[in-house]
Each structure stands twice: as C-alpha cells, then as structure tokens.
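Asks: Dropping the sequence and predicted coords here.
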Amino acid sequence: MPELPEVERARALIADRALGRRIETVDDRDEWVCRPHAPGEIAHALTGATLTQAHRRGKTMWVQTDADAVLGLHLGMAGRIVVDAAADGDRPGRGEGDGDQSGEAHPRGWDRFTLRFADGGRLALRDKRRLGRVRLDPDLSDLGPDAAEVGREAFRRAVGSGTAPVKARIMDQSVIAGVGNLLADETLWRARLHPMRPAGELTAGELDQLRRELRAATRSAIRRGGVHTGELIPARRRDGACPHCGTPLERATVGGRTTWWCPEEQR
DNA sequence: ACCTATGTTGATAC
DNA sequence: GGTATCAACATAGG
C-alpha cells in the first residue's frame, strides 16, 4: 500500500483525528518495529504528552508533541495508521475494527505499536509484515526533497545524473523522497519514458516532463485514495495492455523491482 | 508441499 | 560514491 499518496492520507488522518489528544499509555513492546529502542523507551518519552503536529516527507512521517520527543512513523510495505476505529484508506461506510484480527494467534492483532489516549481512543500502526518502523527523533537527513513539492531546477539536478536506469533513480529516496515501485511505473508511463533509460542521458525537457507527470500522478493518487487508482497500475492485472494504445505491456526487473511499461509509447 | 510474488528499506560487496 | 544484490518480515496464491 504505502507510497507517498498513501502516507499523505495517513498523515492527514493523524492531523485530523489525533492532534490535541493526550497520551495515557504506549504499547511499544514490538522490539523489531521499534528498534533500536528498548521496550518502554518510547513509552517513557511519550506518556503524558499531547500530539501537536503531523508532518511528512516522502514516505516518512513524524509527529510532534508538547514534550521534547518527536515520534517517527514509517509504514514499510504493508503498514496502515489506525485512529480509534478508522484506518486510512477505509471506504466510507465500511468500518474496520479489530475484527478477525484479534484471534488467539494474534493477541494484539497486527497492531505493532499503539498510543492509548486519555479520552479512551487510540492511534496504532497496523502492519502484518512488521516492515514498518517506529522510532523517536527520526533522522531525515538522508531524504531528498519531497516528490510532490520538488521544484524544477532541484528535480533536474537531483534526477538527471548517473548511469542507473531512471526508474531506479526516482525510487532512490535520497534523490527524491516518496516514489515507490507502482508510482514509478505510473509516472514513467504518463511521461512516455522507458524505465531503463540511463538517468544521466535524459534531456532537460524530458526531466521537466517527468517532474510534471510525477506531480500530477501523485496529486491524483492522493485525491483518489492511492496509487492503485492510476491508469497503468490497474491495467497490469486486468488485461496487460497499454490503456492508451492497447499494445501488450512489457514486464521485466528494473532496479530490482518488477516493472511494467508500454514498449510502443515509452522511449 | 513448495515455490513465487508482494506497495520498503537497509546492509553489504564490487 | 554509485550501483547491484540480498536479507529482514509475513502472508497469499499458483
């Protein structure tokens, strides 16, 4: 699920529903998700604090409090944020409680980290695969500019170099932050660029086009509920044909990830 | 049963 | 330093 658009929706959920609430207890017992913190360390830093602001850069979120501690949250590959009974990405009318996840095999369900508020509600990181991450005072210095905000000049400079395929380049979080496997494919398809083109060989015009389509694809996905609401992504599993011209899509591994593109339109 | 795939990241090696 | 590969986690599906 989580690329920049999904993370932005999670951030907005926190901003809308969790700010101003006082933390009464913290469940930070999952030592893998909370590494390198020892159990109780995050709890100690946050108990009694009130959440004040929710931020995001790329796929990393951080929540400020009226204490010194900053709570860093990363959804990994399958994580979601749950506030009270609502999870980000829920469809209206279809609530998602703990439901079938609280069976005996999973005493805490898949909630790997939970803040319980003084008002009785809660915020949780729900993550089957435990590839999400919770930590205090996260280091953001290795992240490039946010993919939804980056300006034209900064984008040209950051993306337009190196011999790696352009797809790998835009997925490199230190180059620009927020692009994952699906958003990369969707964006390159919209920009009509072949994913294997060496990044350093793109012209300024192609880089500008790539940035425009990246911003457009990102904003559309945020508005519509996730990167699966694009055009290319649903086509992969539907009929495997380019939504523009009907040409069968190609599939290969690029930058270590499964990649789909239209061999007719993407050059 | 066994093998593959999966929205990410980080460590490691060349 | 830039690039490529593999491992970390857990589940789903052929």
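Replies: Received, thanks.
Asks: what helix or strand does the spatially closest residue to residue A:222 that is not a sequence neighbour sit in?
Replies: Once flanking residues are discounted, residue A:222 sits nearest to residue A:5: 4.4 Å by Cβ to Cβ, 6 or more residues apart in numbering. Yep, even glycine has a C-beta here, placed from its N, CA and C like the rest. Using DSSP states H and E, residue A:5 falls within helix A:4-17.
Asks: next SSE after that helix?
Replies: Taking DSSP H and E, what comes next after helix A:4-17 is strand A:23-27.
Asks: Next to DNA strand C, which bits of chain A? Give me the list.
Replies: Residues of chain A found near DNA strand C (Cβ under 7 Å from any atom of the strand) are A:32, A:77, A:106, A:128-131, A:162-165, A:168-169, A:199-200, A:255-256.
Asks: Mark which of those are part of strands, please.
Replies: Judged by DSSP state E, strands contain none of those.
Asks: of those residues, list those near DNA strand B.
Replies: Among the residues of chain A next to DNA strand C, DNA strand B is touched by A:77, A:131, A:256 when using Cβ under 7 Å from any atom of the strand.
Asks: Quick check: phi and psi at the first one.
Replies: Same thing as residue A:77. phi -100, psi -20 (degrees, to the nearest 10).
Asks: What pLDDT does the model give the closest residue to it other than its chain neighbours?
Replies: Nearest residue to residue A:77, sequence neighbours excluded (Cβ to Cβ, 6+ apart): residue A:131, at 4.6 Å. With respect to pLDDT, residue A:131 scores 95.
Asks: pretty sure residue A:131 contacts residue A:79?
Replies: Yes. With contact defined as Cβ atoms under 8 Å, residue A:131 counts as touching residue A:79 (7.3 Å).
Asks: for the helix holding residue A:5, packing partners?
Replies: Using 3 or more Cβ pairs under 8 Å, 6 or more residues apart in numbering; DSSP states H and E, the elements in contact with helix A:4-17 are strand A:51-57, strand A:60-65, strand A:80-83, helix A:204-224.
Asks: So for DNA strand B, which of those sits nearest?
Replies: Among the helices and strands packed on helix A:4-17, strand A:60-65 comes nearest to DNA strand B, with 6.8 Å by Cβ to the nearest atom of the strand.
Asks: In its sheet, which strands sit next to that closest one, and in what direction?
Replies: Using DSSP bridges, strand A:60-65 pairs in its sheet with strand A:51-57 (antiparallel), strand A:70-74 (antiparallel).
Asks: quick one, the longest one and strand A:23-27 angle?
Replies: Inter-element angle recorded for strand A:51-57 and strand A:23-27: 50 degrees (by axes from the mean of the first three to the mean of the last three Cα atoms, to 10 degrees).
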